[in-house]
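Novice: Show me the folded form of this:
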Amino acid sequence: LVVALPTMLVIAALVRLTSKGPVLFVHRRVGRGGREFPMVKFRTLLPGTDDHLMHEDHRHHFVAADFKVRPDDPRITRVGRVLRRTSLDELPQLWNVLMGHMSLVGIRPVVRDQLAIRPEAHQQIYCAMRPGLTGLWQINGRSQRLPIERLELDEQWFRQWSFWGDVAILLRTPLAVLRPGTH
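Specialist: Prediction:
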């Protein structure tokens with residue numbers, strides 16, 4: 001967190017200077033034991049635009065896209081596009097790691113609705129360990145993967161977990177983030 005702090009301060013200033021609204025976005029995610037926690041990210045969308053998801057057509061597309069905001073979504077700010085492409089919007093989650101909500105490596109945390117549509121076996125996996133900032137899915141082309149492939153990668157990580165496997169994932173993460181088309 002200390003190493004990332006200068007970068008985080010610059011990003012916070014850019015978010016604040018380029019769009020109105022809060023710098024951070026806090027979203028409820030499901031963690032270990034099925035307990036929800038406040039996951040923190042830099043805000044990348046225009047403020048107050050979550051309301052459009054309440055419209056049935058938009059919500060259907062959001063759910064069909066595995067609860068992901070599409071890269072061409074008009075709600076994304078200019079700075080937000082860069083933050084999302086580089087995954088720098090995730091840096092505040094280091095706070096979640098310090099608070100014990102998340103670990104550096106693991107399965108990405110999901111929202112309760114997303115967890116509810118997963119098969120029962122995967123629901124148990126998602127609730128068995130702390131979610132992570134990075135994992136197999138992130139280093140294996142995350143946005144290019146189908147939702148079922150994400151489930152398979154998450155299950156693979158869970159079943160084959162090892163300390164050295166996590167070290168390898170941490171070492172591969174920066175290259176995966178820089179690879180074009182992975183977000």
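Novice: which residues of this protein score low on pLDDT?
Specialist: The chain contains residues with pLDDT under 70 at 50-67, 180-183.
Novice: ok, the helix or strand hosting M39: who's next to it in the sheet?
Specialist: Secondary-structure element containing M39, defined by DSSP states H and E: strand 36-42. Strand 36-42 sits in its sheet next to strand 24-30 (antiparallel), going by DSSP bridges.
Novice: Any chance you could list what contacts the strand it pairs with?
Specialist: Contact with strand 24-30 is made by 36-45, 92, 109-112, 115, 126-127, 131, as judged by C-beta atoms under 8 Å, 6 or more residues apart in numbering. To be clear about C-beta, it is placed using only N, CA and C from the backbone, and glycine gets the same treatment.
Novice: can you pull the buried residues of the strand holding M39?
Specialist: Residues F37, M39, V40, K41, F42 are the ones in strand 36-42 that count as buried (16 or more other C-beta atoms under 10 Å).
Novice: Present these as TSV; the columns should include distance to R28.
Specialist: TSV is the format used below for the buried residues of strand 36-42 (distance: C-beta to C-beta, whole Å):
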residue	distance to R28
F37	7
M39	7
V40	11
K41	12
F42	17
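Novice: quick one: which of the residues you listed is nearest I148?
Specialist: M39 (23.6 Å; C-beta to C-beta).
Novice: Is that closest one in contact with N96, as I believe?
Specialist: Yes - in terms of C-beta atoms under 8 Å, M39 counts as a neighbour of N96; the distance is 5.9 Å.
Novice: Give the closest residue to V40 in space, chain neighbours not counted.
Specialist: Leaving aside its chain neighbours, V40 sits nearest to P92 (4.1 Å; criterion: C-beta to C-beta, 6 or more residues apart in numbering).
Novice: For this structure, which helix extends over the most residues?
Specialist: The longest helix of the chain (DSSP state H) is helix 163-178.
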